[in-house]
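>>> sequence? don't have it. structure:
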Ligand SMILES: O=P(O)(O)O[C@H]1O[C@H](CO)[C@@H](O)[C@H]1O
Ligand SMILES: O=c1cc[nH]c(=O)[nH]1
């Protein structure tokens, strides 16, 4: 078992005690909260946007590692975790819904991602689909339904940028490059459920390299109604999505 640390995460194969599954939130502050829902949570390392804990779930080791925001940093976390033995990656994020029937507090499981990122094309050409592993997505849907949340399963637009790529005009310049003007309406017409920023890279790099991944997210805003989320609703939503991803991990480890 190698004790040589990987480049960025500051951990090695021995540290993760045989874990083959990782839960990967974007936000480093979410890592400890996730680990605390499992047994024996243990801090491993914190460098840049990457905070890493190890915990046990029904006796299985599980890594919890933040990815930071966006595809490039996500690709580093996933690559380095794969180097030390992780094969299944469960992303838990927050998200902005773009369909009017989706409410703040609902849970979205992504069945495919629109590749509005750059990093995914470093792993596979644009013709390659950004799709989750079927079993991972199924476990996430089952866990989300069991939580009592309203669950939506569908396509997510996964953008490199939070502002222009998600067609936000409440910015410093108020300007959105032509490519994205009207894009939100188009995604809505195509039935796309939501915006987030990592699933396109995660799914493409995993599906094209024999790794498994999925993405579940708590809805913190509905873009058809507002642009700034309500802080108090955000906390409850994040907690629900965290419980769902831990339950999905349990289902996958014990199936
Ligand atoms: O809450 P996380 O997991 O960071 O996910 C979402 O929140 C960030 C943007 O605010 C992006 O990372 C987006 O994908
Ligand atoms: O609107 C949103 C909310 C969370 N995360 C995103 O990427 N977009």
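Arrived safely, thanks for sending. Fair warning: this is a prediction, and the values are worked out from it, not measured in the lab. Ligands and ions are numbered 1, 2, ... in the order given.

>>> so residue 196 touches residue 92, yeah?
No - taking contacts as CB atoms under 8 Å, residue 196 lies outside contact range of residue 92: 10.7 Å. Just so you know, the C-beta spots here come from the backbone N, C-alpha and C atoms, and that holds for glycine as well.

>>> Those two: which is more packed in?
Shown here are residue 196 and residue 92; by other CB atoms under 10 Å, residue 92 has more neighbours (27 against 24).

>>> Give the helix, strand or coil label for residue 187.
helix (DSSP: H, G, I helix; E, B strand; the rest coil).

>>> what's it in contact with, if anything?
By CB atoms under 8 Å, 6 or more residues apart in numbering, the residues touching residue 187 are 98, 114, 157.

>>> any idea how far whichever residue of the chain sits closest to ligand 1 is from residue 37?
Here the chain gets closest to ligand 1 at one residue, residue 26, 2.2 Å apart by CB to the nearest ligand atom. Separation of residue 26 from residue 37 (CB to CB, to the nearest Å) stands at 17 Å.

>>> which one of those two has more residues nearby?
Neighbours were counted for residue 26 and for residue 37 using other CB under 10 Å; residue 26 has more, 21 against 18.

>>> these two touch, right, the more buried one and residue 68?
Yes - between residue 26 and residue 68 there is a contact at 6.5 Å, judged by CB under 8 Å.

>>> Show me whatever sits in contact with both of these two.
By CB under 8 Å, 6+ apart, residue 26 and residue 68 have these common neighbours: residue 74.

>>> which bits of this structure sit near ligand 2?
Proximity of the chain to ligand 2, by CB under 6 Å from any ligand atom, involves residues 94-96, 162, 166, 195-197, 220-221.

>>> Among those, name the buried ones.
Buried members of the residues of the chain next to ligand 2, scored by 16 or more other CB atoms under 10 Å, are 94-96, 166, 195-197, 220-221.

>>> want to try a markdown table for the residues you listed, with pLDDT, distance to residue 233 and secondary structure as columns?
Below are those laid out as a markdown table (pLDDT from 0 to 100; distance: CB to CB, whole Å; DSSP: H, G, I helix; E, B strand; the rest coil):
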| residue | pLDDT | distance to residue 233 | secondary structure |
| --- | --- | --- | --- |
| 94 | 97 | 11 | strand |
| 95 | 98 | 13 | strand |
| 96 | 98 | 13 | strand |
| 166 | 98 | 19 | helix |
| 195 | 98 | 18 | strand |
| 196 | 98 | 17 | strand |
| 197 | 98 | 20 | coil |
| 220 | 96 | 7 | strand |
| 221 | 97 | 9 | strand |
